[in-house]
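Student: I would like the atomic coordinates for the input below:
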Amino acid sequence: MDPQLESLQKKYEQLFTLTLKMRQKQKAFFQYRAKQDLESAKRYERELDQLLKKEIELRKSGQLELF
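Tutor: So this is what the prediction gives:
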């Protein structure tokens, strides 16, 4: 498989997984109002923000990610 395609697929999987986990915890928090769910949702949101920030920085620099 093409390395660029593999990299893109990996990024998509990370984005999808983090978003899904975050939304599940958000929904659980609004349903049960459990502090643990809110903390988990915030943690996934921070991870998602970091992933997006890294991708934005890569695009601004014009460099392709090798690994």
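
Student: how close does the residue nearest the centre of the chain sit to Glu6?
Tutor: For the chain, the residue nearest the mean C-alpha position is Leu48 (3.3 Å; Cα atoms, centre = their mean). Taking Cβ to Cβ, to the nearest Å as the measure, Leu48 falls 21 Å from Glu6. (C-beta placed from N, C-alpha, C; glycine too.)

Student: with Arg46 instead?
Tutor: 26 Å.

Student: how about Arg23?
Tutor: According to Cβ to Cβ, Arg23 stands 26 Å off from Glu6.

Student: and what of Glu39?
Tutor: Using Cβ to Cβ, Glu39 is found at 33 Å from Glu6.

Student: Leu18 now?
Tutor: Taken as Cβ to Cβ, the span from Leu18 to Glu6 is 19 Å.

Student: which one's more surrounded, the two?
Tutor: Neighbours per residue, other Cβ atoms under 10 Å: of Leu18 and Glu6, the larger number sits with Leu18, 19 against 10.

Student: report the contact partners of Glu47.
Tutor: Counting by Cβ atoms under 8 Å, 6 or more residues apart in numbering, Glu47 touches Leu18.

Student: work out for me the element it sits within.
Tutor: Glu47 belongs to helix 35-61 when elements are defined using DSSP states H and E.
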